[in-house]
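Colleague: Predicted model and sequence below, questions to follow.
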Amino acid sequence: MLFYCAFFLFSLNVKDDVLCVQSKPELSVGTEHETIVPLAAESSSCGCHNLKREAVVDIEKESSIITENPAVKYSKKSNERHTDTQTNGEETDTRSQMVLIPGGEFLMGTDSPGIPQDGEGPQRRVHLDHFYMDAHEVSNRHFQSFINATGYITEAERFGDSFVFEGVLSEEVKSQISQAVAAAPWWLPVRGADWRHPEGPDSSITDRLDHPVLHVSWQDAVAYCSWAYKRLPTEAEWEYACRGGLHERLYPWGNKLKPKGQHYANLWQGKFPTHNSEEDGYTKTSPVKSFPANGYGLYNMVGNAWEWTSDWWTVHHTTDERHNPAGPPSGTDRVKKGGSYMCHKDLLDGTDDPPLLAELGGGASTRWTVQDVLRCQVRSSTRPPDEAQRRDQRSHLHPRASMPQGSTTIDLWA
């Protein structure tokens, strides 16, 4: 799981990855929830919403579905021109860059959801204040800084396993697995899979420090943002930020998935889940700045990895105008946005809710997948926290400690 951080101006991008904000959130991009529901079409979903520890069934070993003879990566070189890296691809500052998201109003959600049970409708008018948001998903490098400073242990590490897509696993790891998710057999529970070992014990992030951190639960994302003096974005902030200032467009860059034949997001090409042609240059995650940023300067708001938000997931929305909505006061699942590299053409075509609008409700402490990330935010009335502030806060997170179960979103800038 990944995540983004942002200052309270609005923003978040939690692809089971972390994205922090200092006030203001995201676009309704590919949200999923943990409740098992019938798929709209078996070929149009990656099955993420079926990932629960109690949802696995015994299976027989199957052959690998790793892509063979991938297509020419005709757009990867073009995408790399937009990657802003230093020191051989390594960022010299451990802090995530944040950008100011101007306040405003927009129409959130859709009246024509492709998958009604995801709870993306009805469309409603929302007003948001300014906020800062992480320019990109929280990388493995930034998350490692958090771990080194606090000794935090993620939930996947404590439970000892996490779900991983079969196509990225080695034959040795697959040979040790006898269970799978009934409704999505390409998802396998892997012992030893965590943020340091995305594909299991025989994998590493050594050559992926600039990729989004994965296998991060909602509680893990909250802990990271708290340490960074930030918070997770609300779903409304995330969707607003994802649009990049555009109105009534299918994607953050316009209405065409591939303008002039170029890829603007890390998505699946080919027949899912058996063949990824790798046309965009990647079969798994890509670096956090691999593709062009949207109008606000935010990277990877669509694809790559699902992003956590602070909202509880619900299908019960009203059409009443809202100011800085924060979702329902309680629930069982948290909203994730943005989609991942496993979102594919069948899921994006012929629907009014592409990754920009899709949403998922991920379990707060019972579910991890290879594609969850985070992004953070902070309030616009403050400046993004500096390194001195974070050093001072480290005493508040005791080494080897973890966030208590049932803890809520923390906004240290309120």
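Modeller: Received, thanks.
Colleague: Let's verify the closest residue to residue 138 other than its chain neighbours: helix, strand, or coil?
Modeller: With CB to CB, 6 or more residues apart in numbering as the criterion, residue 138 has its nearest non-adjacent residue at 3.8 Å, and that residue is residue 18. Backbone N, C-alpha and C define where each C-beta goes, glycine included. Here residue 18 is strand, with the state taken from DSSP: H, G, I helix; E, B strand; the rest coil.
Colleague: I'd like to know how many residues surround residue 344.
Modeller: Around residue 344 there are 21 other residues, counting by other CB atoms under 10 Å.
Colleague: can you check residue 102 too?
Modeller: Per other CB under 10 Å, the neighbour tally for residue 102 reads 15.
Colleague: show me what contacts residue 107?
Modeller: The contact partners of residue 107, by CB atoms under 8 Å, 6 or more residues apart in numbering, come to 123-126, 247-248.
Colleague: who wins for neighbours among those residues?
Modeller: That'd be residue 126 among the contacts of residue 107, by other CB under 10 Å, with 23 neighbours.
Colleague: in terms of contact, does that one touch residue 319 like I think?
Modeller: No. At 11.0 Å, residue 126 does not count as touching residue 319 under the criterion of CB atoms under 8 Å.
Colleague: what residue ranges in the stretch 1-150 of the chain score low on pLDDT?
Modeller: Scanning the stretch 1-150 of the chain for pLDDT under 70 picks out 1-16, 23-96, 114-118.
Colleague: likewise the stretch 251-400 of the chain?
Modeller: Along the stretch 251-400 of the chain, segments meeting pLDDT under 70 span 346-373, 379-400.
Colleague: Which residues are in contact with residue 173?
Modeller: Contacts of residue 173 by CB under 8 Å, 6+ apart are 190, 199-202.
Colleague: From the residues you listed, which land in strands?
Modeller: Counting by DSSP state E, the part of those found in strands is residue 190.
Colleague: which one of the contacts of residue 173 has the most neighbours?
Modeller: Counting neighbours by other CB under 10 Å, residue 190 comes out on top of the contacts of residue 173 with 28 neighbours.
Colleague: wait, what's in contact with that one?
Modeller: 161-164, 169, 173, 177, 199-200.
Colleague: from the contacts of residue 107, which is closest to residue 194?
Modeller: Nearest to residue 194 out of those is residue 126 (CB to CB; 35.8 Å).
Colleague: would you say that closest one is within a strand?
Modeller: Yes. Under three-state DSSP, residue 126 sits within a strand.
Colleague: Show me what it bridges to in the sheet.
Modeller: Beta bridges link residue 126 to residue 106, residue 322, judged by DSSP bridges.
Colleague: Ok, residue 194 next?
Modeller: residue 197.
Colleague: isn't it right next to residue 215, touching?
Modeller: Yes. Counting by CB under 8 Å, residue 215 is a contact partner of residue 194 at 5.0 Å.
Colleague: Neighbour count: these two, which is higher?
Modeller: residue 215 (30 against 23).
Colleague: give the contact list for residue 320.
Modeller: If a contact means CB under 8 Å, 6+ apart, then residue 320 has residue 124 as its contacts.
Colleague: Ramachandran angles for it?
Modeller: Here the main-chain torsion angles of residue 320 (degrees, to the nearest 10) amount to phi -60, psi 140.
Colleague: nearest to residue 265, of the contacts of residue 173?
Modeller: Out of the contacts of residue 173, the member with the shortest distance to residue 265 (by CB to CB) is residue 199, at 21.7 Å.
Colleague: The closest one and residue 170 touch, don't they?
Modeller: Yes. Counting by CB under 8 Å, residue 199 does reach residue 170; the two are 7.2 Å apart.
Colleague: What distance do you get for residue 325 to residue 141?
Modeller: According to CB to CB, to the nearest Å, residue 325 stands 33 Å off from residue 141.
Colleague: likewise residue 174?
Modeller: Residue 174 is 29 Å from residue 141, by CB to CB.
Colleague: same deal with residue 122?
Modeller: Distance from residue 122 to residue 141, by CB to CB: 41 Å.
Colleague: So these two - more neighbours on which side?
Modeller: Legend: neighbour count by other CB under 10 Å for residue 122 and residue 141, higher for residue 141 (18 against 13).
Colleague: Kindly confirm my reading that the more buried one is in a helix.
Modeller: Yes. Assessed by three-state DSSP, residue 141 belongs to a helix.
Colleague: Leaving out chain neighbours, which residue sits closest to residue 22?
Modeller: residue 378 (0.9 Å).
Colleague: Now do the SS call for that neighbour.
Modeller: strand.
Colleague: wait, isn't it in contact with residue 232?
Modeller: No. Look at residue 378 against residue 232 with CB under 8 Å: they stay out of range, at 11.1 Å.
Colleague: Neighbour count: these two, which is higher?
Modeller: Using other CB under 10 Å as the criterion, residue 378 and residue 232 rank with residue 232 on top: 41 against 34.
Colleague: Wait, the more buried one touches residue 336, no?
Modeller: No. Applying CB under 8 Å as the test, residue 232 and residue 336 come out as separate, 10.6 Å apart.
Colleague: And the residue lying closest to residue 268 once chain neighbours are set aside, its phi and psi?
Modeller: Spatial nearest neighbour of residue 268, chain neighbours left out: residue 344 (3.8 Å); criterion: CB to CB, 6+ apart. With angles defined as degrees, to the nearest 10, residue 344 sits at phi -130, psi 170.
Colleague: quick one: residue 344 and residue 272, what's the gap?
Modeller: In terms of CB to CB, residue 344 sits 4 Å off from residue 272.
Colleague: Then residue 325?
Modeller: 33 Å.
Colleague: higher neighbour count, those two?
Modeller: More neighbours surround residue 272 than the other of residue 325 and residue 272, with 23 against 20 (other CB under 10 Å).
Colleague: Please settle this for me: is that one part of a strand?
Modeller: No. The assignment for residue 272 (three-state DSSP) gives coil, which keeps it out of a strand.
Colleague: Hmm, it is touching residue 184, no?
Modeller: No. Using CB under 8 Å, residue 272 is not in contact with residue 184; the gap is 10.8 Å.
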